[in-house]
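>>> sequence? don't have it. structure:
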């Protein structure tokens, strides 16, 4: 019986040492939260934590549309790819703009290119 009591005591003491190490780590983490410091072994956060976007900012609403109309006014018959290159957007973006402009009857297809419709609102 004395042997099983000694084993139980050894197991309990080992577990207490583990728990004390865990308590120490948690206290360090808690102090870090209070001061804003990182605890040892915690990787540094990278990236934008304040919600900023990466890269160039977005164009204001309607700006690309107007740029495309202006470019088409200067170069009637231009293809979508040519217009995209002219205003600095991807051809896919230009196709989306042209689709919307065609549905509003502001732009019409002319051969392989595009033209501003005669009935387009000014």
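Yes, it's here. No experiment lies behind these values; they were computed from the predicted model shown. Residues are numbered from 1 along each chain as shown.

>>> for residue 30, give me the pLDDT.
As predicted, residue 30 sits at a pLDDT of 86.

>>> downstream neighbour of the longest helix along the chain in the secondary structure list?
When the chain is parsed with DSSP state H, its longest helix is helix 2-35. Later in the chain than helix 2-35, the nearest helix or strand by DSSP states H and E is helix 63-74.

>>> list the buried residues for stretch 19-37?
Residues of stretch 19-37 classed as buried: residue 28 (neighbour count, 16 or more other CB atoms under 10 Å). Backbone N, C-alpha and C define where each C-beta goes, glycine included.

>>> also stretch 61-72?
Buried positions in stretch 61-72, judged by neighbour count with 16+ other CB under 10 Å: 64-65, 67-69, 71-72.

>>> can you list those in TSV and add pLDDT and distance to residue 32?
Putting the buried residues of stretch 61-72 into TSV (pLDDT from 0 to 100; distance: CB to CB, whole Å) gives the following:
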residue	pLDDT	distance to residue 32
64	93	46
65	93	50
67	94	50
68	94	52
69	93	56
71	94	55
72	93	58
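
>>> tell me which two in the residues you listed are the farthest apart.
Spanning the widest gap among those are 64 and 72, at 12.5 Å by CB to CB.

>>> can I see the domain layout of this structure?
Following automatic domain parsing, the chain resolves into domains at 1-39, 63-116.
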